[in-house]
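**Student:** Let me see the structure of the following:
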Amino acid sequence: MNSNLRARIIPVFMIATSVSLSACQTPGENLQANVYQANQVNSVQNAKVVKILAVMPARVEADNSQNQKAAETVGALLGAVSGGIAGNKMSDQKGTGTAAGAAAGGLGGAALGSLVPGKVLVPGVSITYLYKGKTLHSAQVGRLCEYMSGKAVVISTSPTETRIQPNATCPAEASN
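**Tutor:** Model (predicted):
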């Protein structure tokens, strides 16, 4: 492979890899029924026992802007470094080539990072349950295997919130 082509491919590969790695945080985990904020710990919360009638798969839209911003930042930094190196190697005027390459690489890296979506769909469940003779419904972030028909506890930290606690355990994932 000729050195000019290699000098162009390696920075692009580095940026793409770093952008994808920087967006590895799992959005929506903070929305699960069994996740609490610091101000909700060690405080009284209303609880009631309900009967789950049906559990169906659902998708929940979650904020992914933190991962998007991280990908843009990492992409810009790595793009600037990679572009500066490539610009230095490809230009007869080292200072100008380095600066131009760094600027172009930074912009390109940030642009690649912005391709990470600001909102993503995460696994959820649609739960129909019975409480005091009324049939009610709640959507939760979680996995289908965490819920089953039968008794479950609902925690409410506000009058309109329903945190249906998982009443089943998912099978352990097989390790390779």
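**Student:** Show me what stretch 40-60 is in contact with.
**Tutor:** The contact list for stretch 40-60 (C-beta atoms under 8 Å, 6 or more residues apart in numbering) reads 28, 31, 121-131, 135-136, 139-141, 144, 147-157, 164, 167. In short, each C-beta sits where N, CA and C put it, glycine included.
**Student:** Mind doing that once more with 7 Å?
**Tutor:** Stretch 40-60 is touched from outside by 28, 31, 121-122, 124-131, 139, 141, 144, 147-157, 167, with contacts defined as C-beta atoms under 7 Å, 6 or more residues apart in numbering.
**Student:** Give me the buried entries from those.
**Tutor:** Buried members of those, counted by 16 or more other C-beta atoms under 10 Å: 28, 31, 122, 124-127, 129, 141, 144, 147, 152, 154-155, 157, 167.
**Student:** and which of those residues is nearest residue 37?
**Tutor:** Residue 37 lies nearest to residue 157 out of these, by C-beta to C-beta, at 8.7 Å.
**Student:** Just the pLDDT for that closest one.
**Tutor:** We have a pLDDT of 79 for residue 157.
**Student:** Would you mind measuring from it to residue 74?
**Tutor:** Distance, residue 157 to residue 74, using C-beta to C-beta, to the nearest Å: 35 Å.
**Student:** try residue 45
**Tutor:** Counting by C-beta to C-beta - residue 45 and residue 74 are separated by 39 Å.
**Student:** Same drill for those two, tell me which one is more crowded.
**Tutor:** Neighbour count, other C-beta atoms under 10 Å: between residue 45 and residue 74, residue 74 has more, with 21 against 13.
**Student:** Could I get the phi/psi values of that one?
**Tutor:** Residue 74 adopts backbone torsions of phi -60, psi -40, taken as degrees, to the nearest 10.
**Student:** do residue 160 as well
**Tutor:** For residue 160, the backbone dihedrals are phi -110, psi 0 (criterion: degrees, to the nearest 10).
**Student:** Show me what counts as buried in the strand ranked longest in the chain.
**Tutor:** Looking across the chain with DSSP state E, the single longest strand is strand 46-63. Neighbour counts over strand 46-63 (16+ other C-beta under 10 Å) mark 50, 52, 55, 58, 60, 62 as buried.
**Student:** and that strand, which strands flank it?
**Tutor:** Strand 46-63 pairs in its sheet with strand 119-131 (antiparallel), strand 150-156 (antiparallel), by DSSP bridges.
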